[in-house]
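**Q** got a structure for you, letters missing:
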């Protein structure tokens, strides 16, 4: 497997008088885990929604390879996304939720059992989702994203609610995914954990690119990811 790169070029979105994202350009390479960082209100969610065709940009492009998400021949077979862990109906079971999404995406039904095993939901797959903890919902959201055997993962706060064992499992899973050629873009505020999981960084603030490059370059002076984040975003705010 070799996933397509993500190419964002001059992406711009304005809501009324608010410039949510302005001329944002960056690349997410295959075989790499890229952290997408920024303070609250920096424009991360708007960018991810434009990337996944949920919000129309005013200008610019967000492409997987050379194709926008809505134009992909098999969107959920190319990109697995986790933006909202609360999408499953509380009265359904995880297994039935996955069967529904499998049918909607046109994926082989045997994938339901496979993704349940992958995210270690075996013991809870036939319980109603309404009784799930946040961590269990997070695993279900990831299982849903994996149904189409995607080459790209776009994840927003995927470790939210996971216990330490789950966080270590997620870190290992993402590394295996990229080692096989997959592409991962992950947004998170858990910078200490993220530093152990990512290869590259895209940092934005006030809707604009602040820094992009390899994590090793960003932290070469001895800064932690958190220290570098605070230094760069504080400088941007002061400017």
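**A** Happy to help now that I have it. If you're wondering where the values come from, they're calculated on a predicted model, not measured in any experiment.

**Q** So residue 45 sits against residue 154, correct?
**A** No: at 11.6 Å, residue 45 does not count as touching residue 154 under the criterion of C-beta atoms under 8 Å. In this view, the C-beta of every residue, glycine as well, is placed from N, C-alpha and C.

**Q** so what's the spatially most central residue of the chain scoring on pLDDT?
**A** Taking C-alpha atoms, centre = their mean, the centroid of the chain lies closest to residue 155, which sits 1.7 Å from it. The score at residue 155 is 96. That number is its pLDDT.

**Q** wait, residue 19 sits on residue 46?
**A** No: look at residue 19 against residue 46 with C-beta under 8 Å: they stay out of range, at 10.3 Å.

**Q** When these two are compared, which one has more neighbours?
**A** Between residue 19 and residue 46, counted using other C-beta atoms under 10 Å, residue 46 has the larger neighbour count: 21 against 16.

**Q** which phi and psi does the residue lying closest to that one once chain neighbours are set aside have?
**A** Spatial nearest neighbour of residue 46, excluding adjacent residues (C-beta to C-beta, 6 or more residues apart in numbering): residue 20 at 4.5 Å. Main-chain dihedrals, residue 20, degrees, to the nearest 10: phi -70, psi -40.

**Q** again with residue 174
**A** The phi/psi pair for residue 174 (degrees, to the nearest 10) is phi -60, psi -40.

**Q** Go ahead and list the helix or strand containing residue 3.
**A** Using DSSP states H and E, residue 3 maps to neither a helix nor a strand.

**Q** Was I right to think it contacts residue 182?
**A** Yes: using C-beta under 8 Å, residue 3 makes contact with residue 182 at a distance of 4.7 Å.

**Q** Looking at those two, which is more packed in?
**A** residue 3 (25 against 21).

**Q** ok, the more buried one - contacts?
**A** Neighbour list for residue 3: 30, 31, 150, 151, 152, 181, 182, 183 [criterion: C-beta atoms under 8 Å, 6 or more residues apart in numbering].

**Q** Just put the residues you listed in JSON lines and tack on distance to residue 202 and pLDDT.
**A** Output for the contacts of residue 3, formatted as JSON lines (distance: C-beta to C-beta, whole Å; pLDDT from 0 to 100):
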{"residue": "30", "distance to residue 202": "15", "pLDDT": "96"}
{"residue": "31", "distance to residue 202": "16", "pLDDT": "96"}
{"residue": "150", "distance to residue 202": "20", "pLDDT": "96"}
{"residue": "151", "distance to residue 202": "19", "pLDDT": "96"}
{"residue": "152", "distance to residue 202": "15", "pLDDT": "97"}
{"residue": "181", "distance to residue 202": "20", "pLDDT": "95"}
{"residue": "182", "distance to residue 202": "17", "pLDDT": "96"}
{"residue": "183", "distance to residue 202": "13", "pLDDT": "97"}
